[in-house]
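Engineer: From the sequence below, what's the structure:
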Amino acid sequence: MNVAVVIPTYKVRSHILSVVERIGSAVSKIYIVDDKCPEGSGQFVLERCRDSRVEVIFNQVNQGVGGATIAGYRRALLDGADIVVKLDGDGQMDPAAIPSLIRPIERGVADYTKGNRFYSFENLEGMPVLRKIGNTGLSFITKVSSGYWDVMDPTNGYTAIHAGALSLLPLSKIEKRYFFESDMLFRLNTIRAVVREVPMKAIYGEEKSNLSILKVLRDFPVKHLSRFIKRVGYNYVLRDFNVCTIELFSGLALLLFGFSIGSYTWYHSWQNQVGAPTGTIMLAVLPIIVGVQLLLAAVSSDVANVPKEPLQDSFDSSRAAVAPRIPAQKVANS
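Structural biologist: Coordinates of the predicted model:
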């Protein structure tokens, strides 16, 4: 397959050339996307890099890692790529892992692959403790919002995607900054793409992350909640009305009823300084118990509903089928 690599660049001038040099012959095209880098990473590559596969794209306005990656995605689709790999330019992702990352897509068992840094304990030795804790929490939240319950490292940005799945995504709607990786999973679930993880090592050097922990704690929960509500609406109301739908909404209704009765009973008892009758207490407790059971059943149904049939089985990956989906004007404006 025709494999392309997209490298968003922002303040990675000291690492970018070494990253490009380590990209093997399995890759036919390399897109360096200068996201209005203050260090002039794109121009630096043009002047110093002699790899004929490299093409530099300049964003006129800083759009974040997502915006830069999407600019590369658009160009790769126009040029007829079959698989597009997203690789960071800071040296934390080993280019030697590209063949392993694209193998499930080449074999036709996945539409999208992600690196998994949590596959073995040995791979985590170089990861700072704070990052381990933060990534674990974000991983669980992303599982809930995206619906990919079998993905352990959803925030990992080392990814590969088949052109068929990429051409079906609404690229203009995907989050352009640091929520990009999580939003990609949500969007992939809406088109029922198959996602697989590939074990990889966590590489951490002296580079510093541009992501603020306070910004994550402030913005990410709201964004995840928004994606979860949309996913439930798309998958269990608009597209299909099944057992999971009944379990979910019945469970929520019973919980609301139980908590309402319980709250009113407690307030009434506290106001009048009298104990509540056993029957009244059970009227509140029983709906809560049944509601929790129904919600657990809904979660179980959602876990079983993870996409399993790759989209590429029914997709013609020829250039003629892919190129018309991406307006050339959008690439020119990147």
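Engineer: quick one: contacts for the closest residue to residue 106 other than its chain neighbours?
Structural biologist: Spatial nearest neighbour of residue 106, chain neighbours left out: residue 1 (5.8 Å); criterion: C-beta to C-beta, 6 or more residues apart in numbering. (Glycine included, C-beta is placed from N, CA and C.) Neighbour list for residue 1: 82, 83, 102, 105, 106, 317 [criterion: C-beta atoms under 8 Å, 6 or more residues apart in numbering].
Engineer: Next one: residue 1 from residue 248, what distance?
Structural biologist: 39 Å (C-beta to C-beta, to the nearest Å).
Engineer: returning to that earlier point: pick out the one among the contacts of residue 1 with the largest number of neighbours.
Structural biologist: For the contacts of residue 1, the largest neighbour count, defined by other C-beta atoms under 10 Å, is 28 neighbours, found at residue 105.
Engineer: Could you pull up the residues touching that one?
Structural biologist: Applying C-beta under 8 Å, 6+ apart, the residues near residue 105 are 1, 83, 111, 112, 113, 160, 161, 162, 312.
Engineer: Give the PyMOL command for selecting the buried subset of those residues.
Structural biologist: This is how PyMOL selects the buried members of the contacts of residue 105, with burial counted by 16 or more other C-beta atoms under 10 Å:
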select buried, resi 83+111+112+113+160+161+162+312
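Engineer: Now do the domain split for this structure, please.
Structural biologist: Split into domains by automatic domain parsing, the chain comes to 3-212+309-332, 237-304.
Engineer: burial measure for the closest residue to residue 284 other than its chain neighbours, as a count.
Structural biologist: Closest residue to residue 284 apart from its sequence neighbours, by C-beta to C-beta, 6+ apart: residue 262 at 3.5 Å. When neighbours are counted by other C-beta under 10 Å, residue 262 registers 18.
Engineer: now the one 4 residues further on
Structural biologist: In terms of burial, residue 266 registers 13 neighbours under the definition other C-beta under 10 Å.
Engineer: and it, what does it touch?
Structural biologist: Here residue 266 is in contact with residue 276 (criterion: C-beta under 8 Å, 6+ apart).
Engineer: element containing it?
Structural biologist: For residue 266, the enclosing helix or strand under DSSP states H and E is helix 243-272.
Engineer: now the helix or strand that comes right after that helix: mean pLDDT?
Structural biologist: Where DSSP H and E defines the elements, the next helix or strand beyond helix 243-272 is helix 278-304. Helix 278-304 shows a mean pLDDT of 93.
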